[in-house]
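>>> With the input below, show me the fold.
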Amino acid sequence: MNRILAAIAIGLLANAASSQELQRITAAGERAILAKPIIDITGAPHPDVTIVEYFDYNCPYCKRLDPTFKQLIAADKKIALVFKDWPVLGEVSKYAARCALAAQWQGKYLAAHDALLYGPRLSQDDVVESVLQGAGIDLERLKKDLASHSKEIAALLARHETEAHALELDGTPGVLVGRQLVPGGADLSFFQRLVREVRSEAK
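Model (predicted):
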């Protein structure tokens, strides 16, 4: 964990040339963030640009941003999206994140992710469970996986939190496009421009 923190924190560099005053992380920082273990990736299986989002299921800005990402990866078959659960909005958010991560042992992390993000405000744990059940998640198995994989889930959430703090994120959403840090949301054209910049730099 300390190696991840060091690789990211040392690599945070101001990009003064950008009108948005974006920051960049080093290649080592990007490798550390993308290194396993990570949950299911959506989009291209062999991407030339990877977008990473630190998010909370109760974050209204994350809810608004997700359709933009769906448009982006639908239109561009060389982009992948990695979700990093970072529950910062209370205990219910933490429960939702743990449940979504536990759903990966059913092969349903992405189904859980979409259901929780597009569903109602998660005010109580039973709302989380109701939403997941409606998305076809086996709740009995989920609770067993929450218990049997509790250390792995806790370690993954701790890793995400360490990365987010190393990136100096103030809250959700926090987004990396390649090595460019976007501390917040933006529209489709903005992300498309960043993707073009990442590709041009790679040439």
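>>> okay, CA-based contacts and neighbour counts for the rest of this
Noted.
>>> what secondary structure does residue 158 sit in?
With DSSP: H, G, I helix; E, B strand; the rest coil as the basis, residue 158 sits in helix.
>>> In contact with it: list those residues for me.
The contact partners of residue 158, by C-alpha atoms under 8 Å, 6 or more residues apart in numbering, come to none.
>>> pLDDT weak spots in this structure?
1-21, 203 (pLDDT under 70).
>>> same thing but at 80, please
Low-confidence segments of the chain, defined by pLDDT under 80, span residues 1-22, 37-40, 202-203.
>>> All the helices of the chain, residue numbers only.
2-10, 27-34, 60-75, 91-102, 109-118, 125-134, 139-148, 150-166, 188-202 (DSSP state H).
>>> burial count for the spatially closest residue to residue 37 that is not a sequence neighbour?
Computed as C-alpha to C-alpha, 6 or more residues apart in numbering, the closest residue to residue 37 that is not its neighbour in sequence is residue 156, at 7.7 Å. Number of residues near residue 156 (other C-alpha atoms under 10 Å) recorded here: 20.
>>> now swap in residue 39 and tell me
That count, for residue 39 with other C-alpha under 10 Å as the rule, works out to 15.
>>> wait, what's in contact with it?
Neighbours of residue 39 in contact, by C-alpha under 8 Å, 6+ apart: 82-83, 101, 104, 109.
>>> Closest to residue 61 out of the residues you listed?
Closest to residue 61 out of these is residue 83 (14.7 Å), distances taken as C-alpha to C-alpha.
>>> Skip the chain neighbours and tell me the closest residue to that closest one.
Nearest one to residue 83, counting by C-alpha to C-alpha, 6+ apart, is residue 53 at 5.1 Å.
>>> Distance check, the one you found against residue 134.
25 Å (C-alpha to C-alpha, to the nearest Å).
>>> Those two: who's more crowded?
Taking neighbours as other C-alpha under 10 Å, residue 53 and residue 134 compare with residue 53 leading, 25 against 11.
>>> who's that one bridged to?
residue 83, residue 175 (DSSP bridges).
>>> Could you shift the numbering so residue one becomes 29, and keep it that way?
Yep, numbering from 29; the last one is residue 81 now.
>>> hmm, back to that, could you dump the contacts of residue 67 into CSV and include neighbour count and distance to residue 229?
As requested, the contacts of residue 67 are exported to CSV (neighbours: other C-alpha atoms under 10 Å; distance: C-alpha to C-alpha, whole Å):
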residue, neighbour count, distance to residue 229
110, 20, 21
111, 19, 24
129, 30, 34
132, 17, 34
137, 20, 33
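>>> Leaving aside the residues adjacent along the chain, what's closest to residue 163?
residue 143 (6.2 Å).
>>> contacting residues for the closest residue to residue 146 other than its chain neighbours?
Among residues not flanking residue 146 along the chain, residue 91 sits closest, at 6.7 Å (C-alpha to C-alpha, 6+ apart). By C-alpha under 8 Å, 6+ apart, residue 91 lies in contact with 85, 145-146.
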